[in-house]
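>>> please work out how this folds:
(chains A and B)
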Amino acid sequence: NAGVTQTPKFQVLKTGQSMTLQCAQDMNHEYMSWYRQDPGMGLRLIHYSVGAGITDQGEVPNGYNVSRSTTEDFPLRLLSAAPSQTSVYFCASRVQGNAQPQHFGDGTRLSIL
Amino acid sequence: SQQGEEDPQALSIQEGENATMNCSYKTSINNLQWYRQNSGRGLVHLILIRSNEREKHSGRLRVTLDTSKKSSSLLITASRAADTASYFCATDSTSGTYKYIFGTGTRLKVLA
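Below is the predicted model:
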């Protein structure tokens, strides 16, 4: 049972490039979320999904796309990378319903030059 | 805007001492959770307290919740060097959107 797996762990991009951050969970969790963590700002919600085929925007969705074709995978796409997207990105999953803990991956550290 | 705000931002104590960190939030909640983040790692869930609970314990952790003041506190008793980490509170809301909002965190350093 690997939990939540994020790849890659580190990535450097040039402004304007696109890429996909991968997230996979093997716990059969319905809910999955993407956060970005910036110094002094805690975690901010980018997009989330409550099940396969269902996604919604979080607090800071601009510049990012998501899809949820399977329960296990929830990739995050940067369409045209900008220096403001330099951050650490975390994927999380949990079972549906209220009062459920989230399980986090170890993050992807992304630098945009 | 973030719903949870922690204070202090940073805390440095000696091993064996107790550590207390506080979280304030803005709107009605169903529950509040505390997470720990070790350097370079993801967040790990510590404890959850529901809106109808006032206090909860788990090992060396004690969490209180005051919904009238919209605040919570996390107490770590008899701190150890391994407790050195950042601690975050996370709140949902009663609006039913199933989104959790995280605070800015408290950086705890426990000196051996």
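
>>> any idea how far the residue nearest to the spatial centre of chain A is from chain B?
With distances taken as CA atoms, centre = their mean, the residue of chain A nearest its centroid is A:Trp34 (2.9 Å). From A:Trp34 across to chain B, the span is 12 Å (CB to the nearest CB, to the nearest Å). (Glycine included, C-beta is placed from N, CA and C.)

>>> quick one: low-confidence residue ranges for the chain.
This is for chain A. A:1 (pLDDT under 70).

>>> actually it's chain B I care about, not the one you picked
Applying pLDDT under 70 to chain B flags residues B:1-3, B:95-97.

>>> can you list the residues of chain B near chain A?
By CB under 8 Å from any CB of the partner chain, the residues of chain B that approach chain A are B:2, B:4, B:30-31, B:33, B:35, B:40-45, B:48, B:50, B:88, B:90, B:92, B:98-105.

>>> related to what we said a few turns ago, how many neighbours does the residue nearest to the residue nearest to the centre of chain A when sequence neighbours are not counted have?
Counting by CB to CB, 6 or more residues apart in numbering or on different chains, A:Trp34 lies nearest to A:Ile46, which is 4.4 Å off, once chain neighbours are set aside. Using other CB atoms under 10 Å in any protein chain shown, A:Ile46 is surrounded by 23 other residues.

>>> what sits against A:Ile46?
Counting by CB atoms under 8 Å, 6 or more residues apart in numbering or on different chains, A:Ile46 touches A:33-36, A:58-61, A:64, A:66, A:76, A:89.

>>> Serialize those residues to a markdown table and add fields for secondary structure and distance to A:Val12.
What follows is these, written out as a markdown table (DSSP: H, G, I helix; E, B strand; the rest coil; distance: CB to CB, whole Å):
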| residue | secondary structure | distance to A:Val12 |
| --- | --- | --- |
| A:Ser33 | strand | 25 |
| A:Trp34 | strand | 20 |
| A:Tyr35 | strand | 21 |
| A:Arg36 | strand | 16 |
| A:Gly58 | coil | 25 |
| A:Glu59 | coil | 25 |
| A:Val60 | coil | 21 |
| A:Pro61 | coil | 23 |
| A:Tyr64 | strand | 18 |
| A:Val66 | strand | 22 |
| A:Leu76 | strand | 17 |
| A:Tyr89 | strand | 14 |
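
>>> quick one: end-to-end length of stretch A:48-56, please.
6 Å (CA to CA, to the nearest Å).
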